[in-house]
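> coords please:
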Amino acid sequence: MNLSWLPKVDKLMLLMEQQSTETLCPPLLLAAAREAVDQMRAEGMSGALPPMGQEQAFTIGLERTEALYREKSAPSLRRVLNATGIVLHTNLGRAVLADAAVDAVAEVAQSYSNLEMDLQTGRRSSRYDHVRALLCLLTGAEDALVVNNNAAAMLLALDTLGAGGEAIVSRGELVEIGGSFRIPDILEKTGVALREVGCTNRTRLADYERAITEQTKLLVKVHPSNFSQTGFVEEVSPADLAALGSAREIPVLYDLGSGSLYPLAAEGVGSEPVVAQMVESGVDVLCFSGDKLLGGPQAGILLGKRSYIGQMKQNPLTRALRIDKFTLAALEATLRLYLEPDLARCQVPTLDLILETPKRLQEKAELLAESLAATGLCRVEIIAGQSEVGGGSLPGVQLPTSLVCVEPHGGSASALLSGLRQRRPAVLGYIREERAVFDPRTLCAEELQEAADAIVEVLEGLEA
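Residues are numbered from 1 along each chain as shown. Next up, the predicted model:
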């Protein structure tokens, strides 16, 4: 097949450089030009591009090179306007950090820090000291340790406390925690033998008691933070399991999952237990995520008896799973807000978004709808709807909200959302009954107009 009409890579690069008003990055420009030519070659061989003159081919090649260069020059990880209403959207990075946490990260990022130095003595210290005392104060735990996520926390706890022996777990708690990671798989990876007790829907304390042998090293309980069971169900309480473990001198590990320091249930949202209550139940070690209901950075927080946390600190795995200075800075700043619950309520974005009032949500929806309706480019309607907490937190909890439904006059709802994903920042909504839907719950006040401007711009493109 004759493809002699294809443009030359070096000529595309040369003209791009000549036409540009700014200095271009040579490696990215080369990659863009090569990819543009490769695309045209593949389309030429498949018949998608018919044979053409070299001048026309060069014009097409230049347009593609320019578009690809812009794409490659922009950061891959970037800001997104979340109009899905899912507060802890795993695909969008889960918890939005508090301003105090952002400032703390910026401060340690721009200079050196006392990450592992005691400034009073000048000697080396532990990086975990920056948050250990705060976690103990907020929860009542004897000691604390933080690793890079909750799966890592479970891995470290199981490897430290259960390796070479058996761990007893209820069949109803052998859950998948996300990303196809399952509790049985983590147990197997640490060399801990799994001993299942009870049934899928009902497990009693006697089931644990009968299963204990000389090989039992650990009793494990997993809180259903990402699923719920209803009907004919029964589980053993953390306090009862802790009492059994204490009587048999076997440590009890409790995977709390989401982990909340704020009493959301007291405000009518779900029934998630507060971490301090679970520490008080007597379990020896518990762990939970930092970037879910806590509203902090990604982290796996381990709390519990000093002897067991101390063993984990000595485990070589801790070095591999440790968190960096940015996570510590963000986590410390977030935890300090919880010292005053009313402050956390309004300054931790996760809590603020979950507890947003219906009146305020209606006002935000009206502002967005008015901006869109004024253009005459679409039909807009505000309807009652439900938001989700997301991130495997508060399963089954629906948060009342006001949804802005948009039906473009030109093009489809799918085309509108596709166009919004290509913008910088991208705007994400969802489709319901062939209309684009935007939930203002997860748009802060400053983002409402930004989202409206983006939607209008894409609507104008669909109309053209």
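
> can you pull out the strands in the stretch 201-350 of the chain?
Under the criterion DSSP state E, counting those that start in this stretch, the stretch 201-350 of the chain contains strands at 216-222, 252-257, 285-289, 300-304.

> Ok, which of the ones you listed comes nearest Leu77?
Nearest to Leu77, of all those, is strand 285-289, at 20.4 Å by C-beta to C-beta. For the C-beta atoms, the positions are set from N, CA and C on the backbone; glycine is no exception.

> Tell me the buried residues in the closest one?
For strand 285-289, burial by neighbour count (16 or more other C-beta atoms under 10 Å) applies to 285-289.

> just how off-centre is that strand within its chain?
Its chain's C-alpha centre and that of strand 285-289 lie 17 Å apart, by C-alpha atoms, centre = their mean, to the nearest Å.

> Could you give the average pLDDT over that strand?
The pLDDT scores in strand 285-289 average 96.

> what separates the residue lying closest to Leu328 once chain neighbours are set aside from Thr401, distance-wise?
Nearest residue to Leu328, sequence neighbours excluded (C-beta to C-beta, 6 or more residues apart in numbering): His130, at 5.2 Å. Taking C-beta to C-beta, to the nearest Å as the measure, His130 and Thr401 are separated by 37 Å.

> try Val269
Val269 sits at a distance of 13 Å from Thr401 (criterion: C-beta to C-beta).

> the more surrounded of the two?
Thr401 (22 against 18; other C-beta atoms under 10 Å).

> So that one: helix, strand or coil?
Secondary structure assignment for Thr401 (DSSP: H, G, I helix; E, B strand; the rest coil): strand.

> residues contacting it?
85, 358, 361, 384-387, 439-441 (C-beta atoms under 8 Å, 6 or more residues apart in numbering).

> Narrow those to those in helices?
Those of the contacts of Thr401 mapping onto helices are 358, 361, per DSSP state H.

> Among the contacts of Thr401, which one has the most neighbours?
Neighbour counts for those, by other C-beta under 10 Å, peak at Pro440, which reaches 29 neighbours.

> related to what we said a few turns ago, out of the contacts of Thr401, who's nearest Arg123?
Arg441 (48.1 Å).

> just how off-centre is the helix or strand where Met154 lies within its chain?
Met154 belongs to helix 150-162 when assigned by DSSP states H and E. Here the centre of helix 150-162 is set off from its chain's centre by 21 Å, with C-alpha atoms, centre = their mean.

> ok, residues contacting that helix?
When contacts are defined by C-beta under 8 Å, 6+ apart, helix 150-162 is touched by residues 145, 147, 167, 177, 181, 183, 186-187, 189-192, 217-218, 220, 251, 253, 255, 257, 285, 287-289, 300-302, 308, 311-312, 315, 317-318, 321.

> Report the buried residues of that helix.
Within helix 150-162, the residues that qualify as buried are 150-162, counting by 16+ other C-beta under 10 Å.

> domain ranges for this structure?
9-72, 80-90+354-463, 99-347 (automatic domain parsing).

> Could you list the buried residues of the helix or strand harbouring Ala42?
Using DSSP H and E, Ala42 falls within helix 26-46. Using 16+ other C-beta under 10 Å as the test for burial, helix 26-46 gives 29-30, 32-33, 35-37, 39-40, 44.

> Closest to Leu448 out of these?
So of the buried residues of helix 26-46, ranked by how close each gets to Leu448 (C-beta to C-beta), first place is Ala32, at 35.3 Å.

> follow-up on the earlier one: ChimeraX command for the buried members of the contacts of helix 150-162?
This is how ChimeraX selects the buried members of these, with burial counted by 16+ other C-beta under 10 Å:
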select :145,147,167,177,183,186,187,190,192,217,218,220,251,253,255,257,285,287,288,289,300,301,302,308,311,312,315,318,321
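
> thinking again about what came up before, now do the helix holding Ala42: distance to the chain's middle.
On the basis of C-alpha atoms, centre = their mean, helix 26-46 sits 35 Å off its chain's mean C-alpha point.

> need the next SSE after that helix, C-terminal direction.
In N-to-C order, the element after helix 26-46 by DSSP H and E is helix 54-73.

> by contact count, what packs against that following helix?
The elements that helix 54-73 packs onto, with contact taken as 3 or more C-beta pairs under 8 Å, 6 or more residues apart in numbering; DSSP states H and E, are helix 9-19, helix 26-46.

> Flag every buried residue along it.
Neighbour-count burial for helix 54-73 [16+ other C-beta under 10 Å]: 57-58, 60-62, 64-66, 68-69.

> Could you do stretch 268-275 as well?
Counting neighbours by 16+ other C-beta under 10 Å, the buried set in stretch 268-275 is 269-270, 272-275.

> now it, how far from the centre of its chain.
Centroid displacement of stretch 268-275 relative to its chain, using C-alpha atoms, centre = their mean, is 20 Å.

> And for stretch 98-111?
Relative to its parent chain, stretch 98-111 has a centroid offset of 19 Å by C-alpha atoms, centre = their mean.

> same thing with stretch 352-363?
In terms of C-alpha atoms, centre = their mean, the centre of stretch 352-363 is found 22 Å from the chain centre.

> Go ahead and name everything in contact with that stretch.
By C-beta under 8 Å, 6+ apart, stretch 352-363 touches 87, 96, 264, 267, 269, 345-346, 382, 389, 399-402, 440-442.
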